[in-house]
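A.B. asks: Fold the following for me, if possible:
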Amino acid sequence: MNLLLINPNTSQSVSDLIEAEARRAAAPGTQVSVLTAPFGVAYIETRFESLIGAYAAATIAAEHWERHDAIVVAAFGDPGIVGLREALDIPVVGLTEAALMSACLLGQRFSIVAISRRITAWYRECVQANGLLDRLASIRSLDGPLRDIGRVQDDHTERLQALCLSAVEDDGADVIIIAGAPLAGLARSIKDRIPVPVVDGVSSAVCHAQTLVSLAPAPARRGSFAPPPLKPNRGLPEAVVRLLARDAGRA
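C.D. replies: Down below sits the predicted model:
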């Protein structure tokens, strides 16, 4: 099984964190590849930045998807995954959706711990889009400048752990979701210090992607996830043009 994880941010240090956690979570025999966005922002924090990340993820996916069995868009907020599911014949999984599904299997109410206050409104919208707002206990976040996005865990582990404990003790969370690729692997390192299950987005996405590949679902030919229809286009990368032409042929 070959999994492609796409980091829609431009930070190679974050891609390294993603790859390390993905390899820890992958089953024996699963091959993991990680690619970093060639353009965009260092880390996604806003809705507009998510739009940029979605396009970056789409261009990478169009070029590389045929050599893989599933794709993981490795950023919380899942930029572009719904559109990619229309265009591709293989499973596409996002960190948010995967973490939410894992959390719902482990408890009734969950809290999200995030890297910045600015990001929290968008995360709440993502939870709502997944139909799980009534199960959200809280979103707690760091509140201050980040010295280096690849070193957030090194700089703020104690504070992040305190946020997890507050979500349990003050907000009634049954499960904690550690949000965002810059925090990949943190759940694994602090889980024994938190009195409820702690969920990581990267490991959840890898495990769910492996499950979907094993289930071998047929791709959609009808319904809202049918392939995009053929129409004139201009200025798109060659790989995207090829993908759209292929999609039109299988619609």
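
A.B. asks: who's in contact with stretch 114-132?
C.D. replies: 43, 45-47, 50, 76-78, 96-97, 100, 104, 112, 133, 136, 139-143, 146, 152, 179-180, 182-183 (Cβ atoms under 8 Å, 6 or more residues apart in numbering). Glycine gets a C-beta too; all of them are placed from N, C-alpha and C.

A.B. asks: cool, stretch 186-193 as well?
C.D. replies: Residues outside stretch 186-193 that contact it (Cβ under 8 Å, 6+ apart): 21, 24, 153, 157, 160-161, 164, 176, 178, 197-200, 203.

A.B. asks: Can you tell me which of those residues end up in helices?
C.D. replies: When the contacts of stretch 186-193 are checked against helices (DSSP state H), the matches are 21, 24, 153, 157, 160-161, 164, 203.

A.B. asks: Give me the buried subset of these.
C.D. replies: Buried members of these, scored by 16 or more other Cβ atoms under 10 Å, are 21, 153, 160-161, 164, 203.

A.B. asks: before we move on, back to that, buried ones among the contacts of stretch 114-132?
C.D. replies: Neighbour-count burial (16+ other Cβ under 10 Å) applied to these gives 43, 45, 50, 76-78, 96-97, 100, 104, 112, 136, 139-142, 146, 152, 179-180, 182-183.

A.B. asks: Would you state the helices of the stretch 51-200 of the chain in chain order?
C.D. replies: Here the stretch 51-200 of the chain has its helices, by DSSP state H, counting those that start in this stretch, at 81-87, 95-106, 120-129, 152-171, 186-190.

A.B. asks: burial of residue 221, as a residue count?
C.D. replies: For residue 221, the neighbour count with other Cβ atoms under 10 Å is 10.

A.B. asks: what do you get for the one 10 residues further on?
C.D. replies: Other residues within reach of residue 231, judged by other Cβ under 10 Å, total 7.

A.B. asks: ok, the nearest residue to residue 242 once chain neighbours are set aside to residue 130 distance?
C.D. replies: Spatially, and ignoring its direct neighbours in sequence, residue 242 is nearest to residue 62 (7.2 Å; Cβ to Cβ, 6 or more residues apart in numbering). Distance of residue 62 to residue 130, computed by Cβ to Cβ, to the nearest Å: 25 Å.

A.B. asks: Residue 14 too?
C.D. replies: Counting by Cβ to Cβ, the gap from residue 14 to residue 130 is 23 Å.

A.B. asks: Over to residue 184?
C.D. replies: 20 Å.

A.B. asks: neighbour-wise, which of those two wins?
C.D. replies: Higher neighbour count among residue 184 and residue 130: residue 184, with 29 against 17, using other Cβ under 10 Å.

A.B. asks: Is the more buried one in contact with residue 15, as I believe?
C.D. replies: No. Taking contacts as Cβ atoms under 8 Å, residue 184 lies outside contact range of residue 15: 9.7 Å.

A.B. asks: Much appreciated, bye for now.
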